[in-house]
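K.L.:
build me a structure from this.
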Amino acid sequence: MDVTSFGIDHNRLLRGIYVSRKDTVGDGVLTTFDVRMKEPNREMVMDTSVMHTIEHLMATFFRGHDQWADKTIYVGPMGCRTGMYVIFKGDLESKDVAPIMADAYRYMAEFTGEIPAAKAEMCGNYLDHNLEITKIECRKFLEEVLEQIKEENMVYPRQQG
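P.N.:
Predicted coordinates for the structure are as follows:
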């Protein structure tokens, strides 16, 4: 059984953007990114309402972006509530997506208005959102990680042995 994330040393994993996996589909590649907003087992995880709001806002940002809309396959929360998974078309590395990810987090940190698709007919749990806390979490990740991203925030620490 090869579950890539189970081989990552979560005790040393920092906040950042990591290549979780690359899959060949036809003659193309899909790259899954682990956008880790919280240090696993060391920081409080995000509330589901925050994760849900990030999902709506991030999907809206990427699917509406001139250059990234056609490359965006999926945006969704991690079950452990420490970050998001984003899948893009292309054989990409963390450094390739760091600038656009910073733009996405800036968009979310500054978002005003109604959360996109937060209506009963458009969402399976439309009441589970929290825009104000989402903005705080996104600003923190943007300022503390994305605006000064380092190699250690883009390369997974592997388990020893």
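K.L.:
and the closest residue to Met46 other than its chain neighbours, what does it touch?
P.N.:
Spatially, and ignoring its direct neighbours in sequence, Met46 is nearest to Arg81 (5.1 Å; CB to CB, 6 or more residues apart in numbering). The C-beta positions use only the backbone N, C-alpha and C, and glycine is treated the same way. The contact partners of Arg81, by CB atoms under 8 Å, 6 or more residues apart in numbering, come to 38, 45-48, 51.
K.L.:
could you turn the buried ones of these into a ChimeraX selection?
P.N.:
The ChimeraX selection below is limited to those of the contacts of Arg81 classed as buried (16 or more other CB atoms under 10 Å):
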select :38,45,46,51
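K.L.:
show me what counts as buried in stretch 55-65.
P.N.:
Judged by neighbour count (16+ other CB under 10 Å), stretch 55-65 contains these buried residues: 55-62, 65.
K.L.:
one more: stretch 30-47?
P.N.:
Going by neighbour count (16+ other CB under 10 Å), the buried part of stretch 30-47 is 30-38, 40, 45-46.
K.L.:
and that stretch, what's its mean pLDDT?
P.N.:
Across stretch 30-47, pLDDT averages out at 97.
K.L.:
quick one, helices of this structure?
P.N.:
Per DSSP state H, the chain has helices spanning 48-63, 94-109, 131-144. These are given in chain order.
K.L.:
just the residues contacting the last one, thanks.
P.N.:
The reference is to helix 131-144. By CB under 8 Å, 6+ apart, helix 131-144 touches 15, 37, 46-47, 49-50, 53-54, 57, 102, 105-106, 108-111, 115.
K.L.:
from the residues you listed, list the buried ones, please.
P.N.:
Of the contacts of helix 131-144, these count as buried by 16+ other CB under 10 Å: 15, 37, 46, 49-50, 53-54, 57, 102, 105-106, 108-109, 111, 115.
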